[in-house]
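> Kindly return the folded structure for what I paste below:
(chains A and B)
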Amino acid sequence: SQQGEEDPQALSIQEGENATMNCSYKTSINNLQWYRQNSGRGLVHLILIRSNEREKHSGRLRVTLDTSKKSSSLLITASRAADTASYFCATDARNTGFQKLVFGTGTRLLVSP
Amino acid sequence: NAGVMQNPRHLVRRRGQEARLRCSPMKGHSHVYWYRQLPEEGLKFMVYLQKENIIDESGMPKERFSAEFPKEGPSILRIQQVVRGDSAAYFCASSPQGIGQGFYEQYFGPGTRLTVT
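Got it, this is the predicted structure:
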């Protein structure tokens, strides 16, 4: 299976702390994206990092990509209760001819006040 | 500019019935993707369509499932003779570009939660 895996499966932290989630994938990619999904809702695109980039920032989000290890990390700094959600990485595999996203299994983040 | 719309949001069907899930892409988008999410799992690609064409259906079960995206109207994901294992959330995404045109973001709808009793 091409599906990636997030680690940890679940993470529980206090407001103000940082949250780090990791994603591993199996094939060569064009880019990797992170999405957030609130319980029972659709996905919200957070950030995209291309295969030739190593780090990217967006507000309180910091994403790294290590193509040699086929892994990525998402760091949320100064977390808030509103960050409580599931976070998924999705890869866009090379040579598929179009952007078929392959999602990981997700990390469930709980931020307590 | 309305986002991707899906309806119904919740659908309950008895085993053996048919389920029809509708997706209206964002204005100006002509590419539609369907994904399925089982409880506690990530999304899995099912099918990619352009107007009047199925481009890739490698993720679709071989039987009972079909998808279309007509020239006019929404994209439809149809599941015939539903079984309990079809219970899942079905998400639609749309994008403005497709094959060989570089990266383009997929915008997701809110999903349809199908429950088969």
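> got a list of what the residue in chain A that chain B sits nearest to touches?
Nearest to chain B, among the residues of chain A, is A:Phe103, at 3.6 Å (CB to the nearest CB). Placement of C-beta: from N, CA and C, glycine included. By CB atoms under 8 Å, 6 or more residues apart in numbering or on different chains, A:Phe103 lies in contact with A:3-4, A:35, A:88-90, B:35, B:42-44.
> want to throw the residues you listed into CSV with pLDDT?
Shown next, in CSV, are those (pLDDT from 0 to 100):
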residue, pLDDT
A:Gln3, 59
A:Gly4, 70
A:Tyr35, 93
A:Phe88, 93
A:Cys89, 93
A:Ala90, 91
B:Tyr35, 95
B:Gly42, 85
B:Leu43, 91
B:Lys44, 92
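> Could you list the low-confidence segments of chain A?
Within chain A, the segments meeting pLDDT under 70 span A:1-3, A:93-99.
> Sticking with the residue lying closest to B:Asp56 once chain neighbours are set aside, tell me its helix or strand.
The shortest distance from B:Asp56 to any non-neighbouring residue, by CB to CB, 6 or more residues apart in numbering or on different chains, is to B:Tyr48 (4.4 Å). When elements are defined using DSSP states H and E, B:Tyr48 is found to belong to strand B:43-50.
> next SSE after that strand?
Heading C-terminal from strand B:43-50, the first helix or strand you meet, by DSSP H and E, is strand B:53-56.
> for the residue lying closest to B:Gly85 once chain neighbours are set aside, phi and psi?
Residue nearest to B:Gly85 in three dimensions, not counting chain neighbours: B:Val116, with 7.9 Å by CB to CB, 6+ apart. Torsion angles at B:Val116 (phi, psi; degrees, to the nearest 10) stand at phi -110, psi 120.
> Lovely, talk soon.
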